[in-house]
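Enquirer: Sequence below, structure please.
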Amino acid sequence: METYINKLRGLATAAAVAVQGKIEGGYSFTLSPAAIRGYSGLWTLYNATKKSSNQQATLWVFDKRQFFETGLNRQLLTAQNKQQISTMLANQVSQLSRLRHPAILQIIEPLEETRSEQLIFVTERIEYSLNDLLADPQQARELDELEIQEGLMQVAKGLQFLHSTAKLVHGNLEPSSILINAKSEWKIGGFGFATPIQTSRAAQQLEYHMPKYTQPAADFAAPEYVLDSRMVPASDVFALGCLAAAAHSPGGQSPMHAAASSNDLGAYRRLLTQLPKSSAISSLPGSLSAVVKQMLEPSYEQRMTLAQFQSSAYFDNVLSATLRYLAALIEQPGDQKIAFLRGLPQMLPKFPVRVLKRQVLPHLLKLLSDRNALRFLLPNIFHIVDKLNQAEFVSLALPELKPIFAANEQIQQQQPQAVVVIVSKLELLKGKMPTQDFQSMVMPMCYAALTSTVPQVQDSALQHAPAVAKSVSSSELREQLLPRLQHVYAKSSILSIKIRAIKCLHGILGLLDKQTIISKVMPLLKRTKSRDPAVVMAILDMYEEIGLSFLDRKQVAMEILPILWTQIIDDRLRLPQFERFSQVIAKLQSRVETEHRRHLEQVQRIDEQAGRFVPPIMEHAESTFAQQTGSTTDDDLFASLVNKNVPTNGSAAAMQNPLANLAPASNLDLEWEWDAPAPGMQSRPDTNAHSKSTAARRVSVEVDFASNDGMSDTADDFGSFASFLPPPPPPSSSSLPASSKSVAAKPALQLNMAPKPVPQNNGSLKPRSYQPPKTTKFGATKVATSPLNLSQKHAGGKAADLGDFDPFA
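Expert: Here you go, the predicted model:
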């Protein structure tokens, strides 16, 4: 069914083409003022594309209705004139369809007349006519002398073909008859007045009152035609001389322009005799002036021939000779072709950029099919590619280079030197190609080159891979490029390749994440067995960047510095290498010291802040106790805690229950603990094996301030009681700053904030959470009668019972 439908579609398309015409049905184009590419005589040029093959072409259109029925032409042109113009245009297309030469415009589709009274035909793609080029000041300035030389040479060859082979005289050679394609090749068109070579036959007489384009251009016509209505092959030589002068003059004017614009034949003859001395001829560059003088001889028998023109001194320069040889290079033997391509890189810088783009590059791209010459072709092609922008590269060079990239495996095996050239231009190709094309076409060739068995290919790939690594994704970098670099470094037995691999790894470090460096790069460096100074120094550079940019201080101290200290004492190192090692080690050590010192300073500040912190409930308790007992000094406070006598400046009730005014236990959920020696504990000789130490025995007790039981005030082996003094009471709320009064004035802690632990065994009063009764490690039962009732932890006891236990340790 599908095949049947396709057949129907094909028949419908063929029927549409038959109705519309072959051109209208087979080509896509737009006939609008914005789509006009240029003009050639009465023809308007449009870009067109063949639908079946996507071939680029130019559509030529002459709208009879618009030309004949609008403006002055409607009044001036007679029916005979209209017929003459139509015949001339038809003759032009008819002659083109029978001629085949590189210098003659190639016709693709013959003349058709549409239902809207348009004459159309299709030729090869044309950029513009020489008349359009010379009329545009900017483009005229870009027209280089070398391009003019080559254009005139091509026209001369085309005329020679007409005269010798086709036996035709062009008869109307002027700027609008010269068409220029994208390769800057000049093509001859405008064959509307071409006549066979018959010297005995008179041509149509020039009539000045006739409209333009109904007869040959008078300012480019030869004297024998203007004066005697004779058309001979030498008439085309005269027109070519005028064309050469017009290509160098502003606006493309002929030297005969002034005389040919009037019907004064006397003025025409006078100008003809004065022409050799005119400024239009004398101002021509180099030897062209003498050549043009001979081409503009009034007598056609004395004029320079086309063969003499092609061999004249005007074309005697190395650049012109190079272009001509390049145009015929595809026909040369292989050894001559290679010899020419080897010497071409020395000549390319001398060519104008416009000539390189439009003339040299197309010839070189045609030779890519010769794989034996590939490694000599590519350097020349890449030299020109460097001067193209991305759009120019995509349109001019990339279509011809794609088959080369696609034949990766074959070229790797047969033309490794060509791979070296391509890989050496990775960065250039990255900047010219679209990113997707570069990753899909060029990077596979780079990956293959990394694992090549040819050292030169590997070396080139390693050298240029870092430059293009930024264009690949991070996953491709880890999965494609990095494993190949690791393989080359680990397996290569060539020292230069190993060093190049290290430098390549160093070049992509900035594109890798820290985890990849630690897990894949660092182990590779550590496993290196080579102690060659060149390898060691290359690894040193990597360690330096890794240590300064990717690892923390502990990793540097533990992973890198020990390795460097081991390598620095290698006797194979020379003094400059040793000094370089010392510099790197100093940098890394300085970083470790600086960062670790900063870390310790932060820890110290945190510890200091934690040691100075006093919970608000503690401030309130100390302040209340001081007010009730009247103690104002540390001695008074200590005496009020441990002495049996009630202070003279305090009340007995306050001493019996000094914490009675504090918040209820249910709100505080705290109890107080005092670290102090047990009463009655004294040092005495001990025969036990555990008592041989002369260190004093200490025990921690809890004092019940409420009961105020007797407590020995002797220090014995405990030393001075100053070591057990509690911290001084906080200042009264009246002496506190305004910002802290609100905290100190609160009678009870209302927030469920656990008090920050304070260092133990420092003889200070400290809060601790309520604990249920439990058995201590020494067998005594610890009983707390209430959350705020301080009971004795150890009721007596001997030092021998404690063994080596030091509660203050």
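
Enquirer: Could you name the specific helix or strand carrying Thr322?
Expert: Here Thr322 sits within helix 318-327, counting by DSSP states H and E.

Enquirer: What lies in contact with the helix or strand just after that helix?
Expert: Using DSSP H and E, the helix or strand that follows helix 318-327 in sequence is helix 334-347. Outside helix 334-347, the residues that touch it by CB atoms under 8 Å, 6 or more residues apart in numbering are 318-319, 322, 325-326, 329, 332, 367, 370, 372-373, 376-377, 379-380, 383. All C-beta atoms are positioned from the backbone trio N, CA, C, and that covers glycine.

Enquirer: re the thing from before, how many degrees apart are the helix holding Thr322 and helix 334-347 in direction?
Expert: For helix 318-327 against helix 334-347, the angle by axes from the mean of the first three to the mean of the last three CA atoms, to 10 degrees is 140 degrees.

Enquirer: Of the contacts of helix 334-347, which count as buried by neighbour count?
Expert: Listed as buried from these are 319, 322, 326, 329, 367, 370, 373, 376-377, 379-380, 383; burial here means 16 or more other CB atoms under 10 Å.

Enquirer: and those, which two are the farthest apart?
Expert: Pairwise distances across the buried ones among the contacts of helix 334-347 peak at 23.9 Å for Leu319 and Asp370 (criterion: CB to CB).

Enquirer: top helix in this protein by residue count?
Expert: In terms of residue count, the longest helix belonging to the chain (DSSP state H) is helix 575-612.

Enquirer: pLDDT of it, averaged?
Expert: The predicted model gives helix 575-612 an average pLDDT of 91.

Enquirer: for that helix, which positions count as buried?
Expert: Going by neighbour count (16+ other CB under 10 Å), the buried part of helix 575-612 is 577, 580-581, 584-585, 588-589, 591-592.

Enquirer: Over to stretch 542-552?
Expert: Across stretch 542-552, burial judged by 16+ other CB under 10 Å covers 542-544, 546-547, 550-551.

Enquirer: swap in stretch 400-411?
Expert: So stretch 400-411, judged by 16+ other CB under 10 Å, has buried residues 400-401, 404-405, 408, 411.

Enquirer: same thing with stretch 497-513?
Expert: Those would be 497-502, 504-509, 511-512, for stretch 497-513 by 16+ other CB under 10 Å.

Enquirer: just stretch 110-119 next, same as before
Expert: 111-112, 118-119.

Enquirer: of these, closest to Arg484?
Expert: Ranked by distance to Arg484 (CB to CB), these are led by Glu112 at 59.6 Å.

Enquirer: separation between the nearest residue to the closest one once chain neighbours are set aside and Leu356?
Expert: Counting by CB to CB, 6 or more residues apart in numbering, Gly21 is the residue found nearest to Glu112 once chain neighbours are left out, at 4.9 Å. According to CB to CB, to the nearest Å, Gly21 and Leu356 sit 41 Å apart.

Enquirer: Have a look at those two and say which one is more surrounded.
Expert: Leu356 (20 against 17; other CB atoms under 10 Å).

Enquirer: Looks like the more buried one contacts Pro362 (just checking).
Expert: No. Counting by CB atoms under 8 Å, Leu356 does not reach Pro362; the two are 10.3 Å apart.

Enquirer: which residues are common contacts for those two?
Expert: Joint contacts of Leu356 and Pro362 (CB under 8 Å, 6+ apart) do not exist.

Enquirer: re the thing from before, from the buried residues of stretch 110-119, which two are the most distant?
Expert: Of all pairs drawn from the buried residues of stretch 110-119, the greatest distance, 10.7 Å, lies between Leu111 and Gln118 (CB to CB).

Enquirer: where along the stretch 151-300 of the chain do the helices fall?
Expert: Taking DSSP state H, counting those that start in this stretch, the helices of the stretch 151-300 of the chain run over residues 223-228, 233-246, 257-260, 265-274, 279-282, 288-295.

Enquirer: With mean neighbour count, distance to Phe62 and mean pLDDT as added columns, please give those in JSON lines.
Expert: Shown next, in JSON lines, are these (neighbours: other CB atoms under 10 Å; distance: least, CB to CB, whole Å; pLDDT from 0 to 100):
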{"stretch": "helix 223-228", "mean neighbour count": "19", "distance to Phe62": "25", "mean pLDDT": "86"}
{"stretch": "helix 233-246", "mean neighbour count": "26", "distance to Phe62": "23", "mean pLDDT": "94"}
{"stretch": "helix 257-260", "mean neighbour count": "19", "distance to Phe62": "25", "mean pLDDT": "70"}
{"stretch": "helix 265-274", "mean neighbour count": "13", "distance to Phe62": "31", "mean pLDDT": "80"}
{"stretch": "helix 279-282", "mean neighbour count": "15", "distance to Phe62": "33", "mean pLDDT": "84"}
{"stretch": "helix 288-295", "mean neighbour count": "21", "distance to Phe62": "32", "mean pLDDT": "92"}
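
Enquirer: and the ones you listed as CSV, adding distance to Ile85?
Expert: Compiled in CSV, these are given as follows (distance: least, CB to CB, whole Å):
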stretch, distance to Ile85
helix 223-228, 20
helix 233-246, 21
helix 257-260, 20
helix 265-274, 25
helix 279-282, 31
helix 288-295, 30
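
Enquirer: So which of the ones you listed is nearest Leu306?
Expert: Leu306 lies closest, by CB to CB, to one member of the helices of the stretch 151-300 of the chain: helix 233-246, at 6.3 Å.

Enquirer: Out of the helices of the stretch 151-300 of the chain, the one nearest Thr566 is which?
Expert: helix 288-295 (77.0 Å).

Enquirer: Contacts for the closest one next, please.
Expert: Defining contact as CB under 8 Å, 6+ apart, one finds that helix 288-295 is touched by 237-238, 240-241, 244-245, 248, 275-276, 281-284, 303-304, 308-309, 312-314.
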